[in-house]
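# let me see the structure of the following:
(2 chains)
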Amino acid sequence: MTADQPLISVQEVSKSFELKRTLSERFSGLPPRAVHALNGINLDIRRGETLGLVGESGCGKSTLARCLVRLYEVDGGRVWFEGRDIAGLSGTGLRAFNRRVQMIFQDPYSSLNPRMSVAQTLAEALNVHRMVPPGRVAARIAELLELVGLPQDAAGKHPHEFSGGQRQRIGIARALSVEPEVLVADELVSALDVSVQAQVVNLLLELQEKLDLTVVFVAHDLRLVRHVSHRVAVMYLGKVVEIGPTEELFRAPRHPYTQALLKAAPSLDPSQRSRKVAARGELPSPIDLPSGCLFNSRCAHVTAHCRAEVPRLEPRRGVHQVACLIDPSDRTDPS
Amino acid sequence: MTDLPADVPADAPARSARRRALPAALIGGTVILGLSLILAVFPSVFAPYDPLAFDYGAILQPPSPAHPMGTDNFGRDILSRVIHAYTIDMQIAVLGTIFPFVFGTAVGAIVGYLGGFAETIFGRIVDVVITFPFLVLVIAIVSVLGPGLANMYIAVGLVGWVFYGRIVAAEVKVQKQLDYADAGRVMGYTHSRIVFRHLLPNSITPAIVYWMTDMALIILLGSSLGYLGLGAQPPAAEWGVQIAEGKNFMTTAWWIAVFPGAAIVITGLGFSLLGDGLAEVLRARR
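Modelled structure (predicted):
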């Protein structure tokens, strides 16, 4: 494969979850309704980069993360890993994929088996994937604890003896035990106290540098994403509306939704504060999606065209890609 | 199947102190059942008389120093019969529940993990079984197979596993939603590893607690069947059989039925206490 070929390529991926129907709905013959979590996602993830995935809650970030590690099977479209469709993997191929693409979970309280000690949790992963010879397992566990900044006596302890931040470190150690190339971090620190968020995030950055990892960083905290990501993809209702290099995207957002999102982020500088409501209304229901551009119900610049045509993610000036029908340069910013 | 944290961290004195203090219920239950087990294994050591030996010189005697629990209408020593009955009744407690526990737990774990169609089928089986009163169903099966302990085990096995299955299935269903189950899948672990190594140890506690209660209930059931003549057969020393034998003498010789009854109560209490104690000790800390 060539150097500029993306490591992971997401093409037109969609995923929906069927809603349970009540008995009366079944008998009245209504078709099953579904939550459309992902509606045609296009995304490339390059080797060695950190890609930030941001959006409001319910925009499909976590669903996409779970599709990337094949916790969910996609309904439509494909996820390519090194040029192979991951939906077609099974047996040893799937296990090899699992080893190379790991995930860190959001909730440090439920992502560790409460009945297994740290050493047991790590040893299981090492043994199942035969990462080290049996005699080296204990030594490797010690190395992993050191790597994530946990004391050596953590090995014999159980998850309930640790704080949230320490548990996230254990989760990172577990993911790293199989020496993956890709790490999908789903809301890595959103369940943690602000005081420990920075420590855990900096650990991730440090490890990424040291181990040459490709990281998909899913978060709703824009400052955090700006801090860690090389590139950022902004999601809205199961679609990527804008994707580009972090600094460029934060400095000059093109999509009206990105602009609204950045404006809504709280700032400590009073001169930066805006009293204007950036995006009107609520997120539309992912069950009954709007026609045309999914953002048209909340966009300040909406035209009749926006309600009819679905915008495609296209390159604009710079290296940025935006999915919007109105050319941002023509637009007069109302604020 | 469940591993308790064996090591106590040096820097957590408060927690280790709490962990060392075993619940009183656990201690009480263990003592009662330990003594019951000793009686069950070595009845002849403790029983002063042969439980089956007739003594026509000492018929229907009230409790006395020679016969602390009195004698029955054949002059058999009640104390000796109660002690020898431990062998049969403890055996009923274990053999009557071990298959339902193991099989029901395994089925429940698999059903809870698979969900969907397997769960629907299992749910219907549960419905069918719990619609009939347990005792009626067991009596019906025993009457078809014929009376005796072996057929009672079969009857209880056919019906009893469903309850364990239902408990474990519900628990596994909750546990599999948690991220550690997903973490196992992302790690590429096999389904059986995720079910039996990760989900089951976190789901089995209610089944173990129910198992203890079930052992008490199964002794009652064994005694009920013994009383009805469908379980252990006379002249065997079994508490239910003894109570059945004593029922005609209730007004004149109450000791024939009362002492076996007390033995049932005490043993049942032992299992219940052990169940409560285990529930407290096995509760997963989060």
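# where in chain B is pLDDT low?
Along chain B, segments meeting pLDDT under 70 span B:1-20, B:284-286.
# which residues of the stretch 1-150 of chain A lie near chain B?
A:66, A:69, A:71, A:94-95, A:97-99, A:102-103, A:105-107, A:109-117, A:124-125, A:128-129 (CB under 8 Å from any CB of the partner chain). Any C-beta I mention is one placed from the backbone N, CA and C, and that applies to glycine too.
# cutoff 6 Å now
A:69, A:71, A:95, A:98, A:103, A:105, A:107, A:110-115, A:125 (CB under 6 Å from any CB of the partner chain).
# can you tell me which residues contact the closest residue to B:Ser224 other than its chain neighbours?
Closest residue to B:Ser224 apart from its sequence neighbours, by CB to CB, 6 or more residues apart in numbering or on different chains: B:Gly240 at 6.0 Å. Counting by CB atoms under 6 Å, 6 or more residues apart in numbering or on different chains, B:Gly240 touches B:Ser223, B:Gly226, B:Tyr227.
# of those, closest to chain A?
B:Ser223 (37.0 Å; CB to the nearest CB).
# SS state for the closest one?
helix (DSSP: H, G, I helix; E, B strand; the rest coil).
# what sits up against stretch A:96-111?
Against stretch A:96-111 from outside (CB under 6 Å, 6+ apart): A:69, A:89, A:129, A:164, A:167-168, A:171-172, A:175, A:178, A:180-188, A:191, B:178-180, B:183, B:186, B:188.
# over to stretch B:175-189?
Contacts for stretch B:175-189 (CB under 6 Å, 6+ apart): A:69, A:71, A:95, A:98, A:103, A:105, A:107, A:110-113, A:125, B:113, B:194, B:198-199, B:202-203.
# where does chain A have low pLDDT?
A:1-4, A:267-280, A:317-318, A:327-335.
# and the helices in it?
Along chain A, the segments classed as helices by DSSP state H run A:23-27, A:61-68, A:91-100, A:118-128, A:137-147, A:164-177, A:194-211, A:222-228, A:246-251, A:256-264, A:304-308.
# redo these as JSON lines? Include mean neighbour count and distance to A:Leu237.
As requested, the helices of chain A are exported to JSON lines (neighbours: other CB atoms under 10 Å in any protein chain shown; distance: least, CB to CB, whole Å):
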{"stretch": "helix A:23-27", "mean neighbour count": "10", "distance to A:Leu237": "24"}
{"stretch": "helix A:61-68", "mean neighbour count": "24", "distance to A:Leu237": "11"}
{"stretch": "helix A:91-100", "mean neighbour count": "15", "distance to A:Leu237": "29"}
{"stretch": "helix A:118-128", "mean neighbour count": "21", "distance to A:Leu237": "36"}
{"stretch": "helix A:137-147", "mean neighbour count": "17", "distance to A:Leu237": "38"}
{"stretch": "helix A:164-177", "mean neighbour count": "24", "distance to A:Leu237": "29"}
{"stretch": "helix A:194-211", "mean neighbour count": "15", "distance to A:Leu237": "27"}
{"stretch": "helix A:222-228", "mean neighbour count": "18", "distance to A:Leu237": "18"}
{"stretch": "helix A:246-251", "mean neighbour count": "17", "distance to A:Leu237": "19"}
{"stretch": "helix A:256-264", "mean neighbour count": "22", "distance to A:Leu237": "9"}
{"stretch": "helix A:304-308", "mean neighbour count": "14", "distance to A:Leu237": "14"}
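# can you tell which of those is closest to B:Lys247?
Ranking the helices of chain A by proximity to B:Lys247 (CB to CB) places helix A:23-27 first, at 51.4 Å.
# okay, that closest one in CSV with CA atoms only?
Extracted in CSV, the C-alpha atoms of helix A:23-27 (Å, rounded to 0.1, in the frame of the first residue of the first chain):
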residue,chain,number,x,y,z
LEU,A,23,-48.6,-4.7,19.9
SER,A,24,-51.1,-2.3,18.6
GLU,A,25,-48.6,-0.8,16.2
ARG,A,26,-47.8,-4.4,14.9
PHE,A,27,-51.4,-5.1,14.3
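# ok, which stretches of the stretch 1-150 of chain B are helices?
Using DSSP state H, counting those that start in this stretch, the helices of the stretch 1-150 of chain B run over residues B:13-20, B:24-41, B:43-46, B:78-114, B:116-131, B:134-145, B:149-175.
# so who does B:Val265 touch?
Contacts of B:Val265 (CB under 6 Å, 6+ apart): none.
# in the helix or strand where it lies, what counts as buried?
B:Val265 is part of helix B:255-282, with elements assigned from DSSP states H and E. Within helix B:255-282, the residues that count as buried by 16 or more other CB atoms under 10 Å in any protein chain shown are B:255-261, B:263-264, B:267-268, B:270-279, B:282.
# ok, now which ones touch residue 226?
By default, I'm working from chain A. A:Thr246, A:Phe250.
# that's the other chain; I wanted chain B
So B:Gly226 contacts B:Ala232, B:Glu238, B:Gly240, B:Val241 (CB under 6 Å, 6+ apart).
# check which helix or strand covers the third one.
Pointing back at B:Gly240 there. helix B:239-246.
# got the angle for that helix vs helix B:78-114?
140 degrees (axes from the mean of the first three to the mean of the last three CA atoms, to 10 degrees).
# for the stretch 101-250 of chain B, what lies in contact range of chain A?
B:Leu178, B:Asp179, B:Tyr180, B:Asp182, B:Ala183, B:Val186, B:Met187, B:Gly188, B:His198, B:Pro201, B:Asn202.
# among those, which are in strands?
Among these, no residue falls in strands (DSSP state E).
# could those residues go into TSV alongside neighbour count?
Converted to TSV, these look like this (neighbours: other CB atoms under 10 Å in any protein chain shown):
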residue	neighbour count
B:Leu178	20
B:Asp179	20
B:Tyr180	26
B:Asp182	20
B:Ala183	26
B:Val186	24
B:Met187	23
B:Gly188	20
B:His198	23
B:Pro201	19
B:Asn202	21
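# show me which of those residues is closest to B:Pro65.
B:Pro201 (52.6 Å).
# what's the distance between the closest one and B:Tyr210?
16 Å (CB to CB, to the nearest Å).
# likewise for B:Pro23?
For B:Pro23, the distance to B:Tyr210 - CB to CB - is 18 Å.
# same question for A:Ser195.
44 Å.
# same check on B:Asn202?
16 Å.
# who does the most centrally placed residue in chain A bridge with?
Closest to where the C-alpha atoms of chain A average out (CA atoms, centre = their mean) is A:Val218, at 3.1 Å. Beta-bridge partners recorded for A:Val218 (DSSP bridges): A:Leu53, A:Asp186.
# does it touch A:Leu53 like I think?
Yes: here A:Val218 reaches A:Leu53: they are 4.5 Å apart, a contact under CB atoms under 6 Å.
# quick check: neighbours shared by these two?
A:Lys61.
# for chain A, what's its nearest residue on chain B.
For chain B, CB to the nearest CB, closest residue to chain A: B:Gly188, 3.2 Å.
# ok, that residue to A:Leu71 distance?
12 Å.
# go on, A:Ile326?
A:Ile326 is 37 Å from A:Leu71, by CB to CB.
# report the central residue of chain B.
B:Met215 (1.0 Å).
# which ones are touching that one?
B:Ala93, B:Thr97, B:Phe271 are the contacts of B:Met215 under CB under 6 Å, 6+ apart.
# B:Leu52 versus B:Pro147, what's the distance?
19 Å.
# give me the more crowded residue out of these two.
Between B:Pro147 and B:Leu52, B:Pro147 has the larger neighbour count (other CB atoms under 10 Å in any protein chain shown), namely 16 against 13.
# quick check, the more buried one in contact with B:Leu230.
Yes: the pair B:Pro147 / B:Leu230 is scored as a contact, 4.5 Å apart, by CB under 6 Å.
# which parts of the stretch 151-300 of chain A sit against chain B?
Counting by CB under 6 Å from any CB, the residues of the stretch 151-300 of chain A near chain B are A:Gly156, A:Lys157, A:His158, A:His160.
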